[in-house]
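**Q** have a look; sequence and predicted model below, questions after that.
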Amino acid sequence: SGLSLPLVCWRGPSKPSNMTTRARIAPHRSSVSNNENFVESTLAKLKESIQKIQRLNSSELSYEVLYRASYNLVLNHHGHELYALCVSVVSSHMRVLAQRVESFFHNNFLGNLNKVWSEHTLVMSMIRDILLYMDKHYVKDDTEHVFELGLTLFRDEVVRVDRINQHLRETMLDAVRRERNGELIDRQAVKNACIMLVKLGVTSKAVYEEDFEQYFLEDSTEFYRLEGQHLVAQQGAGVYLRRVEQRLNEEMTRVDTCLDPKTRPLIVAVIEREMLQNYMQALLEMENSGLIHMLSNEKMEDLARMIRFFSRVKGGFELVCASVERHVTSLATAVSNSEEAGTAAKPAVKIIQDFIALHEKYDRIHNNGFSRDAVLRRCIYRGMAAGANSNQRMPEYLSLFIDDLLKHGPKEYSEAELEATLQKALDIFCFLEDKDVFERYYKQHLTKRVLFGKDQSEELELAVVSRLKHECGSMFTAKLEAIFRDTRTAKDVQDAFAAYITEHGVTLPFPLSVKVLSSGSWPLQSPPPAKLPEVMNQACAVFEKFYSQRHSGRKLTFHFGQGTVDVRFNLQQKYTLTVSTYQAIILLLFSRDEELTFDDIARDTGIESDALRLALLSLACGKVRVLAKTPPGRTVEDTDHFTVNHKFTSKTTRVKVAQIAARETAEERKVTACKVDEDRNIITDASIVRVMKARNVLSHNRLVAEVTNQLQGKFKPDMAHVKKRIEALIERDFLERTAEDRTCYRYLA
């Protein structure tokens, strides 16, 4: 309803017919005298008109006349009187409105208050239109505009009247309480009241904040404090967190539909503080429902909810991470140090299987419950690594597991399952700190698989070596790769030997297959002595002659303990026994003598006592008993007598006699550890020299840090070990301390 002056006119002579019409608004020429009667009458007229507007009875008023009246007053410097009139009339009306609002206390208060507020804003808009010229040209920065004046007076003389203010606040808070308790309320009425309070702040939301929001937050704090206490005592962690989620959703919906948007973060903070932050530790440690229960039973939704909510609270996510890491460490340590652990392969396989199952479980939890969070992933990794490294024999167990998998896996698993299981086992390898210990055991097991033909798939063997190379570098797998190169070379030598026999017409007493290996790549100890039967000596002599002609200057050393022999065993039925070389030497004695004592066998074979006992134990006490022992038993004594077991039978004509493996004794493990330490000394020395050669001069701390960083792919060196090797290199004149700073070292070329 904007107003304008209808003073469009033409000036000057009549416009010629051929001229273009140009119109403009002529400025108003006041003809108003400044006598007091005119001012008073005009003010009285305006007062009466404003009061009619306030009574919503403005249909007979002429806005053009009223506007011109206020315009004349301001133009003739009576704006002050006009503004004072406006303040007086509006203030008087506010007292009427206050009484009217109080009458609604028990009759749809919020709805009627909103009606009064809507009427008031409409009235003030109409008054502003009438006094528009004064509003634009008289009101200065230190004076309120007409509409804002109406808001301020309504705030101070209606809304902030003590009784009205208190009743308004309590009515709104009561509506919120009832809705929290499940009742239906008039959300629009509450929303309108909040909008009114926001608008009464004019340029800020101070009225909304002071008259309602602070009380709303205080009331909410008490409500959720009591509800948190009740729920944490009565419900489990999963149910409690679902209730928190429900309350958060309800409050955000309430803000969207009833309150001002600025209240959202504040009410969310109240719930987070009263229902989460105060009970984080209690929720984590709840028996049969807390974090441990969720992890143990893979409660993915509850875990995701816990992570989501605890992440919103200061220190909550860190608390969850620490709890997860402690729990995973505890479980992994228990698996690694299982009482079933032993030197035999099967207990070791069971331990690694359980460890893989644990790792798979927490992979599922990380993907589904933790939403692939990187920080929690590192916590799980540290926990698994701590558990794996809590048992010094885990590298050995892992090597035994892979050995068993590569020997028997192709028969038990499909190709895809076998590859997947190998990958899971190699994931466990990443947790190990003593990777060099694993390398030593893996090399021993690989040697046995290759020499005894138990490597079912060279492709899988090479895949394992490739993964190890990716994790630890080419230096780590250099000797493993050399084993496969030697194997291929040995095949070429065997083919050449077969051609040599054919070309020279050499007659062997039995078919001979020899694998020639380079001594530096294979973890084979010096072979124990043995007296070979003449027939074996003849065959070995033929091969030595062939090899010396092919490679002059090379020396062959036969490892009879690493070979196998096929022996014809003639009873009522003829059998072919596949036995070790030592077992074959023993069996050939019985082609000459019917019965032999332990001492007789030891004298005639020259095999050392321990190896002989294992060989006889396999022949006389194992699953395939081709010899009979007197007296019967599961051990071999010096006084035992042995004969051919004429009652031996088998469903197949080709029988493999398994060699009973010697258990690694504590002394042998100690020897292995000493060899590992020797290798570590060499590797550490090389790393120190490499770093110093590149840096020339370096401080002690930086040298230790760089060396540790280089070596962590093979093992985790401690500072004492690195310091000891630095001292050793100083004694050997590779390094010296600088004269300027004794904590710095200089490389000596």
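**A** Cool, the structure landed.
**Q** torsion angles phi and psi at residue 648?
**A** Here is the backbone geometry of residue 648 (degrees, to the nearest 10): phi -60, psi 130.
**Q** quick one: pLDDT of the residue lying closest to it once chain neighbours are set aside?
**A** Leaving aside its sequence neighbours, residue 648 sits nearest to residue 626 (C-beta to C-beta, 6 or more residues apart in numbering; 5.5 Å). C-betas here are computed from N, CA, C, even on glycine. We note a pLDDT of 88 for residue 626 in this prediction.
**Q** any idea how far residue 510 is from residue 626?
**A** For residue 626, the distance to residue 510 equals 19 Å [C-beta to C-beta, to the nearest Å].
**Q** so which of these two has more stuff around it?
**A** Taking other C-beta atoms under 10 Å, residue 626 and residue 510 do not tie; residue 626 has more neighbours (23 against 12).
**Q** quick one: residues contacting that one.
**A** Going by C-beta atoms under 8 Å, 6 or more residues apart in numbering, residue 626 touches 569, 577, 587, 619, 644, 645, 648, 657.
**Q** which of these has the most neighbours?
**A** Those, ranked by neighbours (other C-beta under 10 Å): first place residue 619, 28 neighbours.
**Q** over to that residue: give its phi and psi.
**A** According to degrees, to the nearest 10, residue 619 has phi -80, psi -30.
**Q** how close does it get to residue 630?
**A** Residue 619 is 14 Å from residue 630, by C-beta to C-beta.
**Q** likewise for residue 640?
**A** Distance from residue 640 to residue 630, by C-beta to C-beta: 7 Å.
**Q** neighbour-wise, which of those two wins?
**A** residue 640 (20 against 13).
**Q** what residues are up against the more buried one?
**A** Counted by C-beta under 8 Å, 6+ apart, residue 640 has contacts 597, 598, 616, 629, 630, 631.
**Q** check which helix or strand covers residue 565.
**A** When secondary structure is defined by DSSP states H and E, residue 565 falls within strand 564-570.
**Q** and the contacts of residue 626 as TSV, adding pLDDT and distance to residue 529?
**A** Below are those laid out as TSV (pLDDT from 0 to 100; distance: C-beta to C-beta, whole Å):
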residue	pLDDT	distance to residue 529
569	86	26
577	88	24
587	88	19
619	88	20
644	90	26
645	88	28
648	86	30
657	86	23
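**Q** show me where the stretch 1-150 of the chain has helices.
**A** 36-54, 63-75, 79-102, 109-130, 132-137, 146-154 (DSSP state H, counting those that start in this stretch).
**Q** where's the residue most central in space within the chain, which helix or strand?
**A** Geometric centre of the chain, nearest residue: residue 377, 2.2 Å, by C-alpha atoms, centre = their mean. Using DSSP H and E, residue 377 sits within helix 374-388.
**Q** low-confidence ranges in this protein?
**A** 1-36, 339-346, 455-456, 661-668, 749 (pLDDT under 70).
**Q** ok, the residue nearest to residue 199 when sequence neighbours are not counted - how many residues close by?
**A** If the residues on either side of it in the chain are set aside, residue 199 comes closest to residue 151, at 6.6 Å by C-beta to C-beta, 6+ apart. As a burial measure, residue 151 scores 21 neighbours (other C-beta under 10 Å).
**Q** and for residue 500?
**A** 17.
**Q** quick one: the helices in the stretch 151-300 of the chain?
**A** 162-180, 187-200, 206-208, 214-234, 237-257, 263-271, 280-284, 291-296, 300-310.
**Q** and residue 90, which of those helices is closest to it?
**A** Ranking the helices of the stretch 151-300 of the chain by proximity to residue 90 (C-beta to C-beta) places helix 187-200 first, at 14.4 Å.
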